[in-house]
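>>> Sequence plus predicted model, see below.
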Amino acid sequence: MMADTTGGLSPRPPHRLRDGAMLLGLALVLLLLQGAADLALAHGVQGKDAAFVAENSGPQPIAFLYLGAKHMVTGYDHLLFLLGVIFFLYRLKDVALYVTLFSIGHSVTLLAGVLGKIHVNPFLVDAVIGLSVAYKAFDNLGGFKTVFGVQPDTRLAVLGFGLIHGFGLATKLQALELSPDGLLINMIAFNIGVELGQLIALAVILGAIIWWRARASFNKQAIAANGALMAAGFVLVAYQLAGYVLEGRA
């Protein structure tokens, strides 16, 4: 069974799945369930970070750089998508290309959303982010070729979903009382922090995957892992849509 660098896996299924793969799948789902247990917490910078933003005005580039990095390395939805994107990328230049496309997408809409005051419903945008996770896992499993007989351009998909992820980041900041004084500098710093956090997360994820690929059982376990990743994406979609419905009834 061979994987290609466009993110797809040949449709020939293995005869059996290893127990380790099922445990990995369970861990992914449990991680998402834990992160989504409190829908309110999924839509903003919380605690001391929120208090700092509310109490301070003017340019605070170091603080916002830290907030951006922290938000990315703790953003399970962004990390799950990033995992799906690089899962079957074996060449560093391909990893760099796809991560760059994702970064361009979320940088554009993060800055446009906050500075241009473009508001979207946080529950709905996070539901689409969950869908992006499921989409990429389905793509990794060769689902589009097998079920629909077509292969969407993976590069355009990653760029497009990057735009959605950027709006997701923007909603977190829009929920705060951001001072207009120094806002441009602070948003640029926050975006740089997001990129730094993404690089940190990428290094950890890529290192783990490279180690995993060296195991003889990788191809078999990859099927279950992407199945779990797709399930996690749909769980996230369901939680966010539930939050949207409950918000409308409040």
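That came through fine.

>>> Tell me how far the residue positioned nearest the centre of the chain lies from residue 219.
Note on the chain: the residue nearest the mean C-alpha position is residue 78, at 1.6 Å, using Cα atoms, centre = their mean. Separation of residue 78 from residue 219 (Cβ to Cβ, to the nearest Å): 26 Å. Quick note: C-beta positions are derived from backbone N, CA and C, even for glycine.

>>> Residue 201 now?
Distance from residue 201 to residue 219, by Cβ to Cβ: 25 Å.

>>> likewise residue 102?
25 Å.

>>> okay, those two: which has more neighbours?
Using other Cβ atoms under 10 Å, the more surrounded residue of residue 102 and residue 219 is residue 102, with 24 against 15.

>>> Just the pLDDT for that one.
Predicted confidence (pLDDT) at residue 102: the value is 97.

>>> helix or strand for it, which one?
For residue 102, the host element (DSSP states H and E) is helix 92-115.

>>> Which other helices and strands does that helix contact?
Helices and strands touching helix 92-115, by 3 or more Cβ pairs under 8 Å, 6 or more residues apart in numbering; DSSP states H and E, are helix 76-86, helix 154-174, helix 183-213.

>>> Which among those is found nearest to residue 62?
Residue 62 sits nearest to helix 183-213 of all those, at 7.3 Å, using Cβ to Cβ.

>>> So which bits of that closest one are buried?
183, 186-198, 201-202, 205-206, 209, 212 (16 or more other Cβ atoms under 10 Å).

>>> Tell me the helix or strand right after the lowest-mean-pLDDT helix or strand in the chain.
Least confident helix or strand, the chain: helix 19-36 with a mean of 49, by mean pLDDT, DSSP states H and E. Per DSSP H and E, the first helix or strand lying C-terminal to helix 19-36 is helix 47-55.

>>> buried residues in that following helix?
So for helix 47-55, counting by 16+ other Cβ under 10 Å, buried means 49, 50, 52, 53.

>>> Closest to residue 63 out of these?
Of all these, residue 63 sits closest to residue 52, with 6.5 Å by Cβ to Cβ.

>>> can you tell me which residues contact the closest one?
Listed by Cβ atoms under 8 Å, 6 or more residues apart in numbering, the contact set of residue 52 reads residue 63.

>>> Look up how far residue 206 lies from it.
Distance, residue 52 to residue 206, by Cβ to Cβ: 32 Å.

>>> picking up where we left off before, in JSON lines, list the helices and strands packed on helix 92-115 along with mean pLDDT and distance to residue 62.
Formatted as JSON lines, the helices and strands packed on helix 92-115 follow (pLDDT from 0 to 100; distance: least, Cβ to Cβ, whole Å):
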{"stretch": "helix 76-86", "mean pLDDT": "94", "distance to residue 62": "22"}
{"stretch": "helix 154-174", "mean pLDDT": "94", "distance to residue 62": "17"}
{"stretch": "helix 183-213", "mean pLDDT": "94", "distance to residue 62": "7"}
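
>>> Distance to residue 240 added to these, as TSV?
Converted to TSV, the helices and strands packed on helix 92-115 look like this (distance: least, Cβ to Cβ, whole Å):
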stretch	distance to residue 240
helix 76-86	9
helix 154-174	10
helix 183-213	20
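
>>> Out of the ones you listed, which is closest to residue 133?
helix 76-86 (4.7 Å).

>>> And for residue 135, the neighbour number?
A count of neighbours around residue 135, defined by other Cβ under 10 Å, yields 21.

>>> on that earlier part again, list the contacts for the residue nearest to the centre of the chain?
72, 129, 165, 168, 198 are the contacts of residue 78 under Cβ under 8 Å, 6+ apart.

>>> Among these, which pair sits farthest apart?
Maximum distance among the contacts of residue 78 (Cβ to Cβ): 14.6 Å, for 129 and 198.

>>> For the strand or helix carrying residue 236, buried residues please.
Taking DSSP H and E as the criterion, residue 236 maps to helix 218-249. Going by neighbour count (16+ other Cβ under 10 Å), the buried part of helix 218-249 is 218, 220-233, 235-237, 239-240, 243-244.
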